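J.: everything below, folded, please.
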Amino acid sequence: METVVQYINSNKDRFLDELLELLKIPSISADPAYTDDVAKAADFVKKSLEKAGVDIAEIHPTAGHPIVYAEKMVADDLPTVLVYGHYDVQPPDPLELWDSPPFEPVIKKTAIHPDGAIFARGACDDKGQMYMHVKAFEAMNAAGNLPCNMKFLIEGEEEIGSDHLEIFCKAHVDKLACDVVLLSDTSVIANDVPSITTGLRGLSYVEVEVTGPNRDLHSGVYGGAVANPINVLCDMIASLKNEDLSISIPGFYDDVVIVDAAERKAMNEAPFELSDYKEDLKIEEIMGEAGYTTLERTSIRPTLDVNGIWGGYIGEGAKTVLPSKAFAKISMRLVPNQTPDAITTLFEEHFRSIAPKGVTVEVKPHHGGYPAVTPTDTIEYKAAEMAMEKTYGKKPIPQRSGGSIPIVAMFEEVFGVKSVMLGFGLDSDDIHSPNENYGLFNYYKGIETIPYFYLYYQKLKSNH
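T.: A predicted model of the protein is given here:
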């Protein structure tokens with residue numbers, strides 16, 4: 001490993017420069033206007049893997065955006081690790097809230113990142129974290145120290161639901177066969193408090209449309225006599241929460257797994273200062289489901305949130321219009337054993353049932369995903385734990401995440417293997433928000449830690 005570490009230290013500047021070039025590509029999968037840029041990012045990842053030393057690197061077209069596959073098979077008797085990541089990014093809007101252009105990466109020092117952080121869309125989610133694996137592989141390969149067979153599966157549709165990834169995986173089960181999936185689309189508690197994600201919430205995402213009159217109307221002539229879809233939509237959304245901020249949809253909690261008192265106690269022993277949390281967000285008070293702590297609300301409890309709402313006139317100045325339509329995007333984070341299809345159906349049935357007669361309602365389901373919990377008593381988890389303890393100097397804390405990575409449950413179903421979620425970002429890195437950033441410390445710490453995972457995993461596997 002000494003040679004691997006030396007290689008990493010000797011090439012840090014180049015590793016950073018390459019990531020900055022990748023971050024300049026606006027690979028926004030949600031917007032068809034950027035289709036060519038998404039393809040350009042896929043080609044960049046493929047060429048990077050080729051330069052790093054894989055034996056095979058391929059771009060596989062899908063009905064959506066392409067998937068990059070690569071492999072380096074060392075020996076039949078070694079375990080095989082499949083690295084998953086994504087090169088697509090969220091839209092950068094609202095652009096006016098960025099301190100610097102989202103696809104012109106800059107490095108700035110901050111209180112959280114005194115060594116500097118890369119500010120750009122995709123810096124943390126997931127280009128920076130995905131590219132750590134490419135560079136860690138390059139270092140191991142250059143040093144002639146590959147303890148495992150390696151495969152890479154890098155997609156371009158994670159931010160829009162990975163619609164075509166499952167199709168690809170089911171069509172290439174033999175090609176993608178592995179002993180474990182390794183991914184870094186998650187975070188650590190803090191730079192001095194390492195952690196490993198052991199649980200993810202699922203997701204049900206819908207768009208709703210409320211229609212009133214057949215056209216926009218003059219609010220003076222018709223106001224007070226005709227249902228205003230925006231007013232109605234706001235009332236309907238408000239009714240989705242009870243007074244204690246639990247979700248009012250009948251049957252919503254029927255399948256929720258109740259976490260026992262011992263696990264809740266251990267969860268709340270993780271380093272967390274509520275005052276710091278509020279100060280970071282510039283809020284005076286927190287808000288959430290009664291009876292649960294902030295850490296519990298963001299990990300073991302389901303949620304319902306409006307992600308966007310619009311309708312009527314939103315331009316400059318005033319226009320006294322009574323709109324014909326109003327829209328909202330709503331996401332529900334799910335916990336074991338909730339399923340996205342069942343929750344989406346419950347939502348749709350309830351939302352239609354509460355609509356007044358003056359409007360019609362349409363519910364359009366978008367992407368969803370299953371929750372996932374990974375055990376902490378496996379060889380895979382132990383290898384990740386040992387790797388982090390080696391590079392951070394302290395044992396990582398197992399932690400359930402509030403986010404969703406739907407493909408984790410899919411990998412287990414299709415390949416029959418568990419995933420290790422070895423992330424290095426911070427919750428404060430503003431992923432999906434303006435001024436997304438990723439610390440240089442975190443980027444390099446990931447490249448340093450990942451090779452140790454392979455080393456310990458191979459050793460534990462051979463002794464098992």
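
J.: what about the longest helix along the chain, average pLDDT?
T.: Ranked by number of residues, the top helix in the chain under DSSP state H is helix 440-463. Helix 440-463 shows a mean pLDDT of 97.

J.: distance between that helix and the chain's centre?
T.: How far helix 440-463 lies from its chain's middle: 22 Å, per Cα atoms, centre = their mean, to the nearest Å.

J.: likewise stretch 366-378?
T.: 12 Å.

J.: stretch 244-253 now?
T.: That offset, for stretch 244-253, works out to 25 Å (Cα atoms, centre = their mean).

J.: thinking again about what came up before, output the contacting helices and strands for the longest helix of the chain.
T.: If contacts are counted by 3 or more Cβ pairs under 8 Å, 6 or more residues apart in numbering; DSSP states H and E, helix 440-463 sits against helix 2-10, helix 12-23, strand 117-119, helix 127-142, strand 180-183, helix 379-392. Any C-beta I mention is one placed from the backbone N, CA and C, and that applies to glycine too.

J.: in that helix, what's buried?
T.: Neighbour counts over helix 440-463 (16 or more other Cβ atoms under 10 Å) mark 440-458, 460-461 as buried.

J.: quick one on the thing from earlier: among the helices and strands packed on helix 440-463, which is nearest residue 231?
T.: Nearest to residue 231 among those is strand 117-119; the distance by Cβ to Cβ comes to 39.6 Å.

J.: that closest one pairs with which strands?
T.: Partners of strand 117-119 in the sheet, by DSSP bridges, are strand 106-108 (antiparallel), strand 437-439 (antiparallel).

J.: just say which of those strands is most tucked in.
T.: Mean neighbour count, computed with mean count of other Cβ atoms under 10 Å, is highest for strand 437-439 among the strands paired with strand 117-119, reaching a mean of 29.

J.: how about the helices in this protein?
T.: Using DSSP H, the helices of the chain run over 2-10, 12-23, 35-52, 127-142, 165-171, 219-222, 229-238, 261-267, 274-281, 294-297, 340-353, 379-392, 407-415, 440-463.

J.: closest one to residue 195 among those?
T.: Nearest to residue 195, of all those, is helix 379-392, at 8.3 Å by Cβ to Cβ.

J.: circling back to that earlier point, quick one: closest of the helices and strands packed on helix 440-463 to residue 302.
T.: Nearest of the helices and strands packed on helix 440-463 (Cβ to Cβ): strand 180-183, 23.2 Å.

J.: who are the packing partners of that closest one?
T.: strand 80-86, helix 407-415, strand 419-421, helix 440-463.

J.: partner strands of the first one and their direction?
T.: Note on strand 80-86: by DSSP bridges, its sheet partners are strand 149-155 (parallel), strand 180-183 (parallel).

J.: circling back: I'd like the strands paired with strand 117-119 as JSON lines, with distance to residue 335 appended.
T.: Formatted as JSON lines, those follow (distance: least, Cβ to Cβ, whole Å):
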{"stretch": "strand 106-108", "distance to residue 335": "37"}
{"stretch": "strand 437-439", "distance to residue 335": "28"}
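
J.: relative to residue 75, which of those is closest?
T.: Minimum separation from residue 75 across the strands paired with strand 117-119 (Cβ to Cβ) falls at strand 437-439, 34.4 Å.

J.: I figured residue 241 hits residue 306, correct?
T.: No - using Cβ atoms under 8 Å, residue 241 is not in contact with residue 306, being 10.6 Å away.

J.: and residue 206, how far is that from residue 454?
T.: For residue 206, the distance to residue 454 equals 41 Å [Cβ to Cβ, to the nearest Å].

J.: equivalent analysis for residue 55, please.
T.: Relative to residue 454, residue 55 is positioned 17 Å away (Cβ to Cβ).

J.: and what of residue 125?
T.: Taken as Cβ to Cβ, the span from residue 125 to residue 454 is 24 Å.

J.: and if you look at residue 189?
T.: Relative to residue 454, and taking Cβ to Cβ, residue 189 is found at 24 Å.

J.: next one: residue 216
T.: Applying Cβ to Cβ, the value for residue 216 to residue 454 is 61 Å.

J.: ok, now residue 160?
T.: According to Cβ to Cβ, residue 160 and residue 454 sit 31 Å apart.

J.: residue 137 now?
T.: From residue 137 to residue 454 the distance is 9 Å (Cβ to Cβ).
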